[in-house]
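>>> 3D model of this:
(3 chains)
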Amino acid sequence: MSREDRSGDEGAAGAAPEQLALIRETVRRNKAPKAKPRTWRGAALAKELPVARVLVDKGVLHLDRYFDYAVPEELDEAARPGVRVRVRFGAGGRTVRGGRREGGSLIDGFLVERVAESDYQGPLAALAQVVSPEPVLDAELLGLARAVADRYAGSLADILQLAVPPRHARAESRPSPPPPPPPPAPEPGGWQRYVRGREFLASLASGGAPRAVWTALPGPQWAEEIARAVQATLASGRGALVVVPAGRPAARVDAALTALLGEGRHALLTADAGPEKRYREWLAVRRGSVRAVVGTRAAMFAPVRDLGLVVVWDDGDAGHSDEHAPFPHVREVLELRATRDRCAFLLGGWSCTVEAAQLVESGWALPLVADRERVRGAAPLVRTVGDGDLARDEAARAARLPSLAWQVARDGLRSGPVLVQVPRRGYVPRMACARCRAPARCRHCAGPLQAQDAAALRCAWCGRDEESWHCPECGGFRLRAQVVGARRTAEELGRAFPAVPVRTSGREQILDTVPQTPALVVSTPGAEPVAEGGYAAALLLDGWAMLGRPDLRAGEEALRRWIGAAALVREQGAGGTVVIVAEPTLRPVQALVRWDPVGHAVRELAERAELGFPPVSRMAAVSGPPEALAAFLAGAGLPADAEVLGPVPLPVAEAGRPRRAGDPPPGERWERALVRVPPGSGAALAHALKTAQAARLARGGGEAVRIRIDPPDIG
DNA sequence: AGCACGCCGACT
DNA sequence: GTCGGCGTGCTC
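Okay, here's the model as predicted:
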């Protein structure tokens, strides 16, 4: 921008807007007629479409737009839309005598588009280099990345970092083979067990785009069912994408696809592959030589050709949330893809998230379930041990384990392995009514109450102190925090059955499978090995630890984990039994007993709607130093229907403790505010936050605040 | 983040 | 006149 331009703006500060526009227009016309670009070097330009619009690869929000560069004649051929380029970028660049340009540093970018002329006033710099002719960012992927960036108030460059793997020259130089012809449509297989299963598969095979929330029957067949859905989609001549939360389930779907389709039909995109392999597989997908993909969360952006189906398995698993800003979630991204590409959508799991229930409730997706009788037949028998039982149970007090659990373990060990689910350490207890166990909630915003110290209660959302709490359910006025120590219980179990081997599976060392022989398998949630032929029984000893977490999702998450363990147990007709040590009146416990995760999610959804919780409302968390946060919120121009809760102080990070993304730097006192908007205003909220953040960053001095749409831990 | 531009005070 | 300090805003 020239000096004249700037002084023109200043001189017109008091002028009417039309006048201002007129002045700008005049300056523009006089100075820089829209014509072929001039470059500083005056090099020969491409004859057709000599301007390249480039997305510079900097995650900074205020650079989240395209920059125009001139295309030199010699790069004309290679400079196609979608290729990686290098350009000079930075204020360091300056024009020196003779109209030549120097300075500015070389940075990476993507060529987004070729156009005839530029809106930019002034001479364009030339593309420095086309890194490779491989068009890695096509219009479809760009559009998706843009939509995801907008949804999460993040920058396009941040999304592209997740969506386009780093280049590897050797991988690129190898040609990819042509795709094999479509396979025949599959037999319905296990899909026959679901009410509309055959129809769903048939629709996929005939090129349809059905959308379903699938409540999978317990047992290991889900992977094969997903593979059949993929095959049906391939049979229609389209591609398919499956995203699972971790490497183990990815391996299961991978095996099922190989069994059904043979080798070379699909790609496995997981985080643990090396850079070369990763890029090679990704390229094979992009080039269309592989039409089906299974992978973990980064695969959600996989550039599958002519996408016909997206699948997400177990969407409640935290593994589906990306750890890098702006933290996109697989379910949400695949929803966007299904809508944008008009392709089929399949969300499956043994359990059911509130978000999944909402997809059905809103009519966006149809439920895909088995009838009650079949569900009951496939599930194990679930028995509960509540506080009353424990109180009456002499043995339990002595040995810290209920008699029922002993019996079930002993019986089970006669015919096979017995799973013992124990809690992970580190759950923060939530306060609940000592009498009826209803969670204690803030009377103003319904956020969870937490114990400050011995006496004081404070809302974790809005920060208000609660001095005279009483239970709205039963009128009780005493609170209790629930703490459990069940690890030792498992050890005791081991001592009680000395003839039986004890195997453990946990965070550090995860067992994949265990044999059919009798054994005690002690596992933390999510790390349960699969038992050949199913477990004879399972003991779920962590009821209170799971329900006691100060998290909106505590109930849903507890149920998901219980079901995740119980689904590995034999059906009740084959003697499969589950014992859960938790109060049988609690909603998630009842849902487990009835094996009704959907009913549970539907009720939770209704309750969330009533209380103004996500996903019925959209929430964003904004955190940062108190002054910066206050300034941000004051100037953010939030939608009129936005409601700001808080800010409240965040816990100060202790030195030596592992930090999670979004935690304040050690020793700094940060605050966090929650902003919530009603349904329909989510996009406006994201836009307002993004704009405000960009303005702050552009001004330079302003300290950045952290923004997270759909925060996972809203207390 | 870097870096030039421009305004303003100090000095030849 | 002209040199240079720092505050502001831009990067094709």
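>>> Just say helix, strand or coil for the residue of the stretch 251-400 of chain A found nearest DNA strand C.
Residue nearest to DNA strand C within the stretch 251-400 of chain A: residue A:325 (18.6 Å; C-beta to the nearest atom of the strand). Every residue, glycine included, has its C-beta placed from N, CA and C. Following DSSP: H, G, I helix; E, B strand; the rest coil, residue A:325 is assigned to coil.
>>> and what of residue A:85?
Criterion first, three-state DSSP; result for residue A:85: strand.
>>> my guess is it meets residue A:55, correct?
No - using C-beta atoms under 8 Å, residue A:85 is not in contact with residue A:55, being 9.6 Å away.
>>> For DNA strand C, give me its nearest residue in the stretch 351-500 of chain A.
Closest residue of the stretch 351-500 of chain A to DNA strand C, C-beta to the nearest atom of the strand: residue A:463 (33.0 Å).
>>> In space, what's closest to that residue - neighbours in sequence excluded?
residue A:648 (3.7 Å; C-beta to C-beta, 6 or more residues apart in numbering).
>>> all strands for the stretch 351-500 of chain A, in order.
A:366-368, A:381-384, A:418-421, A:431-433, A:449-451, A:457-459, A:465-466, A:479-481 (DSSP state E, counting those that start in this stretch).
>>> and the ones you listed, which is most packed in?
Compared across the strands of the stretch 351-500 of chain A, strand A:418-421 shows the largest average neighbour count, a mean of 28 (mean count of other C-beta atoms under 10 Å).
>>> Listing partners with orientation, what would you give for that strand?
Paired strands of strand A:418-421, with direction, are strand A:520-523 (parallel), strand A:537-540 (parallel) (DSSP bridges).
>>> Show me how far it is from its chain's centre.
With C-alpha atoms, centre = their mean, to the nearest Å as the basis, strand A:418-421 stands 29 Å off its chain's centre.
>>> just stretch A:574-590 next, same as before
Counting by C-alpha atoms, centre = their mean, stretch A:574-590 comes out at 29 Å from the chain centroid.
>>> residues of that stretch that come out buried?
A:575-584, A:586-590 (16 or more other C-beta atoms under 10 Å).
>>> Widest-spaced pair of those residues?
A:575 and A:587 (27.7 Å; C-beta to C-beta).
>>> ok now do residue A:268, which residues does it touch?
A:250, A:254, A:281, A:293, A:294, A:295 (C-beta atoms under 8 Å, 6 or more residues apart in numbering).
>>> Check the gap between the first one and residue A:168 for me.
Looking back up the chat, that one is residue A:250. 21 Å (C-beta to C-beta, to the nearest Å).
>>> on that earlier part again, just list the residues touching the residue of the stretch 351-500 of chain A closest to DNA strand C, thanks.
So residue A:463 contacts A:646, A:647, A:648, A:649 (C-beta under 8 Å, 6+ apart).
>>> Is the top strand by length along chain A in proximity to DNA strand B?
In chain A, assigned by DSSP state E, the strand with the most residues is strand A:105-115. No - on the criterion C-beta under 7 Å from any atom of the strand, strand A:105-115 is out of touch with DNA strand B, staying 7.6 Å away.
>>> so what strands line up beside the following helix or strand past that strand?
Proceeding N to C from strand A:105-115, the next assigned helix or strand is strand A:127-132, under DSSP states H and E. Note on strand A:127-132: by DSSP bridges, its sheet partners are strand A:84-89 (antiparallel).
>>> Name the nearest residue to residue A:188, sequence neighbours excluded.
residue A:198 is the one closest to residue A:188 (C-beta to C-beta, 6+ apart), at 4.9 Å.
>>> swap in residue A:528?
residue A:565 (5.3 Å).
>>> Not counting whichever strand or helix holds the one you found itself, show me its contacts.
Using DSSP H and E, residue A:565 maps to helix A:554-566. Residues outside helix A:554-566 that contact it (C-beta under 8 Å, 6+ apart): A:218, A:314, A:316-317, A:349-351, A:353-354, A:379-380, A:382, A:419, A:421, A:430, A:439, A:523, A:525-526, A:528, A:538, A:540, A:543, A:546-549, A:551, A:578, A:580, A:586-588, A:591-592, A:595, A:597, A:600-601, A:604.
>>> any shared contact partners between residue A:85 and residue A:55?
Counting by C-beta under 8 Å, 6+ apart, the shared contacts of residue A:85 and residue A:55 are A:109, A:110.
>>> Keep the contacts of helix A:554-566, but drop any that are not near DNA strand C.
Counting by C-beta under 7 Å from any atom of the strand, no member of the contacts of helix A:554-566 reaches DNA strand C.
>>> For ChimeraX, write the selection for the buried entries among the residues you listed.
Buried residues within the contacts of helix A:554-566, by 16+ other C-beta under 10 Å, are selected in ChimeraX with:
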select /A:218,314,316,317,349,350,351,353,354,379,380,382,419,421,430,439,523,525,526,528,538,540,543,546,547,548,549,551,578,580,586,587,588,591,592,595,597,600,601,604
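>>> out of the contacts of helix A:554-566, which are inside helices?
Within those, residues falling in helices by DSSP state H are A:354, A:543, A:546, A:547, A:587, A:588, A:591, A:592, A:597, A:600, A:601, A:604.
>>> Surely residue A:326 and residue A:145 touch.
No - using C-beta under 8 Å as the test, residue A:326 is too far from residue A:145 to be in contact (11.5 Å).
>>> Give the bridge partners for the spatially most central residue of chain A, please.
Ranked by distance to the mean C-alpha position of chain A (C-alpha atoms, centre = their mean), the top residue is residue A:329 at 2.1 Å. Note on residue A:329: beta-bridge partners residue A:321, judged by DSSP bridges.
>>> now it: how far from residue A:317?
From residue A:329 to residue A:317 the distance is 11 Å (C-beta to C-beta).
>>> returning to that earlier point: quick one: closest of the strands of the stretch 351-500 of chain A to residue A:614.
strand A:457-459 (16.9 Å).
>>> Could I get the phi/psi values of residue A:624?
phi 170, psi -180 (degrees, to the nearest 10).
>>> For it, name its beta-bridge partners.
residue A:671.
>>> While we're on it, how confident is the model there?
pLDDT recorded at residue A:624 is 89.
>>> From residue A:648, how far off is it?
13 Å.
>>> overlap in contacts of those two?
residue A:671.
>>> Report the beta-bridge partner residues of residue A:72.
What pairs with residue A:72, by the bridge criterion (DSSP bridges), is residue A:45.
>>> per-domain residue ranges of chain A.
A:1-32, A:44-141, A:189-375, A:387-428+A:484-594, A:431-480, A:618-709 (automatic domain parsing).
>>> Next up, the contacts around the residue nearest to residue A:235 when sequence neighbours are not counted.
Among residues not flanking residue A:235 along the chain, residue A:185 sits closest, at 4.1 Å (C-beta to C-beta, 6+ apart). Going by C-beta under 8 Å, 6+ apart, residue A:185 touches A:201, A:202, A:205, A:231, A:232, A:235.
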